[in-house]
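Engineer: Coordinates only, no sequence provided:
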């Protein structure tokens with residue numbers, strides 16, 4: 001999974017630890033489907049959101065399936081990049097990722113940012129990650 005995270009980080013400017021932290025928080029690195037939120041894959045990015053992003057970024061998403069690891073990671077990176085532009089910070093971007101991009105950053109999970117910051121610290125310090 002590291003190559004897809006590195007590629008997405010390089011192509012979008014989203015820090016590697018932000019992408020990896022979101023992935024671990026969203027799915028523990030296991031591609032799962034959450035039919036309650038119509039989301040799935042490593043990053044829990046919905047097919048609708050992926051297709052919207054694919055229309056805006058065909059050079060980065062064409063040829064990738066929404067639920068493939070590569071599609072999920074690149075799609076999530078592009079969405080996070082857009083949300084950073086909207087919110088002004090990576091924390092704001094992650095809050096919008098967890099909540100709803102139109103919610104003003106209201107989190108679905110009140111511990112989301114705290115947990116991702118811990119994961120980011122563990123990633124940056126090469127500590128064991130949850131499985």
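Structural biologist: Perfect, I can see it now. All values reported here derive from a predicted model rather than from experimental measurement.
Engineer: what's near enough to touch residue 22?
Structural biologist: Residue 22 sits next to 43, 76, 80, 94, 97, 116 when contact means C-beta atoms under 8 Å, 6 or more residues apart in numbering. To be clear about C-beta, it is placed using only N, CA and C from the backbone, and glycine gets the same treatment.
Engineer: does it sit in a helix or strand, and which one?
Structural biologist: In this structure, residue 22 sits in helix 16-27 according to DSSP states H and E.
Engineer: could you give the mean pLDDT of that helix?
Structural biologist: Averaged across helix 16-27, pLDDT comes to 91.
Engineer: What residues sit buried inside that helix?
Structural biologist: Neighbour-count burial for helix 16-27, with 16 or more other C-beta atoms under 10 Å as criterion, is recorded at 16, 17, 18, 19, 20, 21, 22, 23, 24, 25, 26, 27.
Engineer: Just confirm the second one contacts residue 123, I think it does.
Structural biologist: In other words, residue 17. Yes - between residue 17 and residue 123 a contact is recorded at 4.7 Å, counting by C-beta atoms under 8 Å.
Engineer: Now do the buried residues in the longest helix along the chain.
Structural biologist: For the chain, the helix with the greatest residue count under DSSP state H is helix 69-87. Within helix 69-87, the residues that count as buried by 16+ other C-beta under 10 Å are 69-84, 87.
Engineer: got the contact list for it?
Structural biologist: Counting by C-beta under 8 Å, 6+ apart, 1, 4-5, 7-9, 11-14, 18-19, 22-23, 31, 41-43, 45, 49-50, 53-54, 56-57, 60-61, 64-66, 90, 92-97, 101, 105 sit against helix 69-87.
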